[in-house]
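Participant: Build me a structure from this.
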Amino acid sequence: MMERDELERRVKHLYVRNRQQGKASWCEHEYDFVCPSTGTYPFQWLWDSCFHAIVLSSFDIERAKSELRSLLANAQPDGLVPHVTFWQRDRYEEMLSTYAIAYRTPYLSDCMQPPVLGEALATVVRRGAGAAFARELMPAARRFYDYLDRVRDPDQDGLVAVLQPDESGLDHTPKYDAYLGVRADCVTIAELTAAWHRVADPYGAVERDPEKMFALDRFIVEDVMVNTIYAEGQRAMAELYTTLDDSAGAAEMLRRAERTERALIDKCFDPERGLFFDLAGQAETPLRTSTMTSLFPLLLPSLPSSMADALARHLEDPREYAAEYPVPTVALSEPLCEPGSMQGSLVFRGPTWIHTNWYIARGLRRHGRGALADRIVQSSIALTAKSGFREYYHPQTAEGYGAQGFSWSALVLDMLAAD
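Facilitator: Residues are numbered from 1 along each chain as shown. Below is the predicted model of the structure:
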């Protein structure tokens, strides 16, 4: 296995190469962040940036702080932290023509992304940024979680909804195919892009007003992964409030976290299959495709041991998730699983991703499955040792696919530290 010093050296080199710095004339803010990949994703994405801040916090706390300051510099008055900030848009107009994306302004998307923010801020504060930094960014962070609670959870069951596929961060996952009306015999980038437009284009007629978007019922998904991350983020916010001696704030965020966890356990678990499934539409119909998100509630501290055991059994089954290089993003037994190189740029249809391994390994440790967590950590390090920092990897051969020099795959450094 790669030694920590060598891994850290490679990560530092990657994070120098992918660093973006400057001052944006359109908002007069300076920026300093790590982009996901210079050749494919040069802008600042919400959950990517949170992962980058977590990685940076282990060797450069000042850059970790700059990462989060840049991310929150354009937080919106309603609380939304856009899922993409196009700091240097004018340099990449040709690239942007290939994106299917909804804009709030020419430089900000009008979408959410998995809310990793609370955990990233808590990690950076815990690793050395201190209470003063927490105090600086907490108002914007709290407005974001209040936005999610107020705007994205209209039935107040504790589960937030994404309103288009890319808001979950899992753009082309097969668990959405049937709900989007995509047939198994026409899964191409063109058809999935057309499906995105069938969802997102009608939102323009209602000026992307969230209440009206919910009423259209085009795509409403209470995604298990998004909500597990949401619960984790709310717990992290409670930790931050405790650091700031704000007991009322801590109690409120802990109450919300526990409500989200209860809703996941009560509404999303399928006892017959021993998996968690997303809920779709106003009718909250389960989407019963087995993907790695079905395993994400391992992260919940309140998960009953019987449910944790059921999820672990799926991870130990070579017909499902116990690939040579786990964890594939779709169970190998699913007909829609495509573990090899995807057509065009389809993502999350089978290959292994490092950030999802980071979460699942942590969840296993929380529930006493250290040996299984170790295997996932060691496999993740082996993937990057063999194929470099790639966007995703073949779960049987470790071949790397997608973007090269992909920054969040450096989470292996954080996994090794935990190991």
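
Participant: ok, now which ones touch the nearest residue to residue 391 once chain neighbours are set aside?
Facilitator: Nearest-residue entry for residue 391: residue 402, 2.9 Å, with adjacent residues in sequence omitted and distances by C-beta to C-beta, 6 or more residues apart in numbering. Quick note: C-beta positions are derived from backbone N, CA and C, even for glycine. By C-beta atoms under 8 Å, 6 or more residues apart in numbering, the residues touching residue 402 are 40, 345, 347, 390-392.

Participant: cool, residue 195 as well?
Facilitator: Here residue 195 is in contact with 165, 180-182 (C-beta under 8 Å, 6+ apart).

Participant: how about the residues you listed, which pair is most distant?
Facilitator: Based on C-beta to C-beta, the longest span within the contacts of residue 195 runs between 165 and 181 and measures 12.2 Å.

Participant: The two: which has the busier surroundings?
Facilitator: Taking neighbours as other C-beta atoms under 10 Å, residue 165 and residue 181 compare with residue 165 leading, 26 against 11.

Participant: distance of that one from residue 223?
Facilitator: Separation of residue 165 from residue 223 (C-beta to C-beta, to the nearest Å) stands at 10 Å.

Participant: Check residue 254 too.
Facilitator: Residue 254 sits at a distance of 22 Å from residue 223 (criterion: C-beta to C-beta).

Participant: quick one, which of the two is more surrounded?
Facilitator: residue 223 (30 against 17).

Participant: these two touch, right, the more buried one and residue 164?
Facilitator: No. Applying C-beta atoms under 8 Å as the test, residue 223 and residue 164 come out as separate, 11.5 Å apart.

Participant: where in the chain is pLDDT low?
Facilitator: For the chain, the stretches flagged by pLDDT under 70 are 1, 341-344, 419.

Participant: What residue spans form the domains of it?
Facilitator: According to automatic domain parsing, the chain comprises the domains 25-151, 294-419.

Participant: Counting neighbours, what do you get for residue 77?
Facilitator: 6.

Participant: and what of residue 356?
Facilitator: Count around residue 356 with other C-beta under 10 Å applied: 24.

Participant: Same question for residue 51.
Facilitator: Other residues near residue 51 number 26, with proximity taken as other C-beta under 10 Å.

Participant: From the contacts of residue 195, which land in helices?
Facilitator: residue 180 (DSSP state H).

Participant: JSON lines please, covering the contacts of residue 195 and showing distance to residue 5.
Facilitator: Formatted as JSON lines, those follow (distance: C-beta to C-beta, whole Å):
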{"residue": "165", "distance to residue 5": "40"}
{"residue": "180", "distance to residue 5": "46"}
{"residue": "181", "distance to residue 5": "51"}
{"residue": "182", "distance to residue 5": "46"}
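
Participant: can you pull the buried residues of the strand or helix carrying residue 230?
Facilitator: Using DSSP states H and E, the element containing residue 230 is helix 224-243. Residues 224-241, 243 are the ones in helix 224-243 that count as buried (16 or more other C-beta atoms under 10 Å).

Participant: now do stretch 412-419
Facilitator: Neighbour-count burial for stretch 412-419, counted by 16+ other C-beta under 10 Å, picks out 412-416, 419.

Participant: and what of stretch 70-78?
Facilitator: Buried residues in stretch 70-78 (16+ other C-beta under 10 Å): 70-76.

Participant: Now tabulate the domains of the chain in a markdown table and tack on distance to residue 202.
Facilitator: Formatted as a markdown table, those follow (distance: least, C-beta to C-beta, whole Å):
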| stretch | distance to residue 202 |
| --- | --- |
| domain 25-151 | 12 |
| domain 294-419 | 24 |
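
Participant: among those, which is nearest residue 248?
Facilitator: With C-beta to C-beta as the criterion, residue 248 lies closest to domain 25-151 of these, at 12.0 Å.

Participant: The lengthiest helix in the chain relative to helix 224-243, how many degrees between them?
Facilitator: Across the chain, the helix with the greatest residue count (assigned by DSSP H) is helix 130-151. Relative orientation of helix 130-151 and helix 224-243, computed by axes from the mean of the first three to the mean of the last three C-alpha atoms, to 10 degrees: 140 degrees.

Participant: Now do helix 130-151: which elements does it pack against?
Facilitator: In terms of contacts (3 or more C-beta pairs under 8 Å, 6 or more residues apart in numbering; DSSP states H and E), helix 130-151 is packed against helix 61-72, helix 117-124, helix 224-243, helix 247-263.

Participant: what do you get if the cut-off is 10 Å, keeping everything else the same?
Facilitator: In terms of contacts (3 or more C-beta pairs under 10 Å, 6 or more residues apart in numbering; DSSP states H and E), helix 130-151 is packed against helix 61-72, helix 117-124, helix 210-216, helix 224-243, helix 247-263.

Participant: Switch these over to JSON lines; also include distance to residue 141.
Facilitator: Formatted as JSON lines, these follow (distance: least, C-beta to C-beta, whole Å):
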{"stretch": "helix 61-72", "distance to residue 141": "7"}
{"stretch": "helix 117-124", "distance to residue 141": "6"}
{"stretch": "helix 210-216", "distance to residue 141": "20"}
{"stretch": "helix 224-243", "distance to residue 141": "7"}
{"stretch": "helix 247-263", "distance to residue 141": "10"}
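
Participant: who wins for proximity to residue 273 among the ones you listed?
Facilitator: helix 224-243 (13.1 Å).

Participant: Show me what that closest one is packed against.
Facilitator: Using 3+ C-beta pairs under 10 Å, 6+ apart, helix 224-243 sits against helix 46-56, helix 117-124, helix 130-151, helix 247-263, strand 275-276, strand 278-280, helix 354-366.

Participant: now it: how far from the chain's centre is it?
Facilitator: The chain centre lies 13 Å from the centre of helix 224-243; the measure is C-alpha atoms, centre = their mean, to the nearest Å.

Participant: before we move on, what about stretch 98-118?
Facilitator: Here the centre of stretch 98-118 is set off from its chain's centre by 13 Å, with C-alpha atoms, centre = their mean.

Participant: residues of that stretch that come out buried?
Facilitator: Buried residues in stretch 98-118, counting neighbours by 16+ other C-beta under 10 Å, are found at 100-103, 107-118.

Participant: ditto for stretch 295-312
Facilitator: Quick answer for stretch 295-312 (16+ other C-beta under 10 Å): 295-300, 303, 307-308, 310-312.

Participant: try stretch 326-346
Facilitator: Within stretch 326-346, the residues that qualify as buried are 326-332, 334, 336-339, 342, 346, counting by 16+ other C-beta under 10 Å.

Participant: Which single one of the residues you listed is nearest to residue 270?
Facilitator: Nearest member of the buried residues of stretch 326-346 to residue 270, counting by C-beta to C-beta, is residue 331, at 13.5 Å.
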